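Novice: Here is a sequence with its predicted model. Questions after.
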Amino acid sequence: MRVIVVDDDFGVLHSIKRVLSSKGFEVVALQSPEGLEEYLPESNLLLMDIRLEGERGTDVVEKLRAKGFNIPVIFITAYADADAVVSASRLGAVDVLKKPFSSQELLQAVKNALEFVPKLEPSYSRELKVIGSSRAMFEVFKKVGLACQNDLNVLITGETGVGKEVVAKLIHENSPRKEGPFVILHCPAIPWDLFEAELFGYVKGAFTGALVDKKGKAKLAEGGTLFLDEIGDLPYKLQAKLLAFVERKSFFPLGSSREEKADVRLIFATNRDLKKMVEEGKFREDLYHRISQLEIHVPPLRERKEDIKPLVEYFIALANAELGTSVEGVEEQALRKLMDYSFPGNVRELKNLVYKAVLETRFGKIKDFAIQQGENISSFEKALELLLDAVPEEELPNLLDRVELYLIKKLLERYSGNKSKVASLLGISRNTLESRLKNLK
């Protein structure tokens with residue numbers, strides 16, 4: 001079998017040729033795309049560097065696709081930026097390898113590619129900015145690229161503040177539906193007795209106060225993408241109605257007997273462990289499988305600290321533009337402080353820290369960040385250690401639920417049962433607080 005490799009780095013080119021030749025492949029090694037087309041008809045696979053001297057590898061492949069060359073492609077790159085990786089995946093790439101990669105990774109990717117029949121989709125330009133150079137975000141970008149090629153239901157998981165909505169927007173902006181609306185339904189923000197009305201809409205007279213017909217989010221997202229955020233907070237009794245909508249892509253507005261079709265792409269997000277909730281009977285298994293046809297996990301910032309510096313630079317630029325400041329960067333000791341921090345609030349917390357620092361600095365370089373992590377966090381960690389020491393191993397499976405229930409109850413006692421106050425202190429909605437109390441009891 002013949003493999004073509006295009007890379008302007010002679011060292012990389014030589015290494016790939018050596019590895020593949022040792023396994024019996026005929027290898028055509030090119031330092032530029034010049035003359036590439038003459039080798040394509042008799043070749044089985046193309047390995048293409050994304051960043052070539054004077055031209056992007058993705059542009060080269062896009063031109064080849066337009067001419068009818070449907071050879072499987074593996075892109076290789078030293079840069080894990082979202083634009084390149086998403087574009088590569090969207091062009092029908094079998095895989096994207098990040099330099100440096102091992103001989104084993106290369107051979108496995110080639111093996112997978114030669115078993116692959118490419119499904120090509122038209123390309124779409126991207127305008128949304130996503131920051132991340134880590135290996136973990138590289139994998140996220142690859143999955144986003146896959147999601148852009150189809151209309152499968154996507155479930156985005158990750159802790160609060162990691163940027164699940166940004167990832168959902170990235171999928172939409174790179175999909176064939178990019179010209180359509182991107183509509184958000186933040187589930188916990190809606191009183192549950194109004195959830196159906198918010199999602200499906202209603203007709204005049206459907207209930208007291210329904211004075212006119214109103215379109216729901218499902219109709220407002222027609223031709224585009226509907227993003228249902230924090231789907232794990234949805235009460236069990238409402239999950240069956242959502243399941244029917246997900247399965248049929250149709251719905252009945254409240255008070256209407258006329259079924260309406262919904263031409264929408266569905267993306268869901270949650271900060272909860274839905275698999276565990278399914279096991280505990282708190283989330284429908286059939287609904288979980290329907291909404292997670294493609295799952296993308298966005299890792300917390302503490303697991304991808306190499307993303308902190310580019311994120312800081314990006315947020316400084318945003319803050320300068322919005323606030324009229326002239327901050328030039330960050331002092332080394334201030335950046336080290338960020339690198340040593342665990343970021344429980346993830347990217348959202350980092351953005352807030354940067355904006356506060358920019359406001360205080362105004363011009364020059366940021367010398368410090370107002371991170372509250374001294375004695376308070378130290379005492380908290382000590383309390384957790386004491387708790388773990390006191391709990392027998394057989395009681396650990398229920399520890400998180402017990403701690404959460406205890407904390408909520410104590411706060412309700414402290415604030416005389418004021419659920420709105422407690423929900424505000426915990427950074428959640430009252431609906432979410434009541435749902436958790438019900439599930440934990």
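Specialist: Okay, I see it.
Novice: Give me the phi and psi for the closest residue to Tyr236 other than its chain neighbours.
Specialist: Excluding the flanking residues, the one nearest Tyr236 by C-beta to C-beta, 6 or more residues apart in numbering is Lys282, at 6.5 Å. Any C-beta I mention is one placed from the backbone N, CA and C, and that applies to glycine too. The phi and psi values for Lys282, taken as degrees, to the nearest 10, are phi -100, psi -10.
Novice: Give me the nearest residue to Leu266, chain neighbours excluded.
Specialist: Nearest one to Leu266, counting by C-beta to C-beta, 6+ apart, is Asn153 at 4.8 Å.
Novice: And that neighbour, how close does it get to Phe182?
Specialist: Using C-beta to C-beta, to the nearest Å, Asn153 is found at 16 Å from Phe182.
Novice: Check Ile428 too.
Specialist: 24 Å.
Novice: Then Arg18?
Specialist: Here Arg18 is placed at a distance of 47 Å from Phe182 (C-beta to C-beta).
Novice: okay, the two: which has more neighbours?
Specialist: Phe182 (19 against 12; other C-beta atoms under 10 Å).
Novice: Next, count neighbours for Ala334.
Specialist: Per other C-beta under 10 Å, the neighbour tally for Ala334 reads 18.
Novice: Can you spell out which helices and strands pack onto the helix or strand it falls within?
Specialist: Assigned by DSSP states H and E, Ala334 belongs to helix 332-339. Applying 3 or more C-beta pairs under 8 Å, 6 or more residues apart in numbering; DSSP states H and E, one finds that helix 332-339 contacts helix 308-323, helix 346-361.
Novice: change it to 7 Å
Specialist: Contact here means 3 or more C-beta pairs under 7 Å, 6 or more residues apart in numbering; DSSP states H and E; on that basis helix 332-339 packs against helix 308-323.
Novice: For the helix it packs on, buried residues please.
Specialist: Ile308, Leu311, Val312, Tyr314, Phe315, Ile316, Ala319, Asn320 (16 or more other C-beta atoms under 10 Å).
Novice: for stretch 131-144, same thing?
Specialist: Residues of stretch 131-144 classed as buried by neighbour count (16+ other C-beta under 10 Å): 131-134, 136-144.
Novice: And the average pLDDT for it is what?
Specialist: For stretch 131-144, the mean pLDDT works out to 84.
Novice: Residues contacting that stretch, please?
Specialist: Contact with stretch 131-144 is made by 80-82, 85-86, 89, 96, 98, 167, 170-171, 296, 298-299, 303-304, 306-307, 310-311, 314, as judged by C-beta atoms under 7 Å, 6 or more residues apart in numbering.
Novice: Can you get me a residue count around Gln333?
Specialist: Other residues within reach of Gln333, judged by other C-beta under 10 Å, total 9.
Novice: next one: Ile231
Specialist: Ile231 has 24 neighbouring residues, counting by other C-beta under 10 Å.
Novice: just Leu412 next, same as before
Specialist: By the criterion of other C-beta under 10 Å, Leu412 has 16 neighbours.
Novice: isn't it right up against Ser420?
Specialist: No: the criterion here is C-beta atoms under 7 Å, and Leu412 misses it with Ser420 at 11.1 Å.
Novice: returning to that earlier point: now the helix holding Ala334: how far from the chain's centre is it?
Specialist: How far helix 332-339 lies from its chain's middle: 26 Å, per C-alpha atoms, centre = their mean, to the nearest Å.
Novice: got a list of what the residue nearest in space to the middle of the chain touches?
Specialist: The centre of the chain sits closest to Val167, judged by C-alpha atoms, centre = their mean, with a distance of 3.8 Å. Contacts for Val167 (C-beta under 7 Å, 6+ apart) come out as Val140, Val144, Ile156, Ile296, Val298.
Novice: And for Val358?
Specialist: Ile316, Ala319, Asn320, Leu323, Thr325, Val327.
Novice: Among these, which one sits closest to Tyr236?
Specialist: Among those, Ala319 lies closest to Tyr236 (C-beta to C-beta), at 42.4 Å.
Novice: Tell me the pLDDT of that closest one.
Specialist: 90.
Novice: Next: the one 4 residues further on.
Specialist: Confidence per residue is given as pLDDT, and for Leu323 that number is 84.
Novice: what about it, distance to Lys261?
Specialist: Going from Leu323 to Lys261 by C-beta to C-beta gives 46 Å.
Novice: Could you list the low-confidence segments of the stretch 1-150 of the chain?
Specialist: Within the stretch 1-150 of the chain, the segments meeting pLDDT under 70 span 80-81, 89-90, 92, 116-130.
Novice: all strands in it, in order from the N-terminus.
Specialist: In the stretch 1-150 of the chain, the segments counted as strands under DSSP state E, counting those that start in this stretch are 2-6, 26-30, 45-49, 51-52, 55-56, 73-77, 95-98.
Novice: Nearest to Asp213, out of those?
Specialist: Closest to Asp213 of these is strand 95-98 (C-beta to C-beta; 47.3 Å).
Novice: got the CA positions of that closest one in CSV?
Specialist: C-alpha atoms of strand 95-98 as CSV (Å, rounded to 0.1, in the frame of the first residue of the first chain):
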residue,chain,number,x,y,z
ASP,A,95,-7.6,11.4,12.6
VAL,A,96,-5.5,14.3,13.8
LEU,A,97,-2.2,13.5,15.3
LYS,A,98,-0.5,16.0,17.6
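Novice: returning to that earlier point: quick check: the farthest pair among the contacts of Val358?
Specialist: Ile316 and Leu323 (10.4 Å).
Novice: Ala84 contacts Ile50, doesn't it?
Specialist: Yes: using C-beta under 7 Å, Ala84 makes contact with Ile50 at a distance of 4.8 Å.
Novice: anything in contact with each of those two?
Specialist: With C-beta under 7 Å, 6+ apart as the test, Ala84 and Ile50 both reach Thr58, Thr77.
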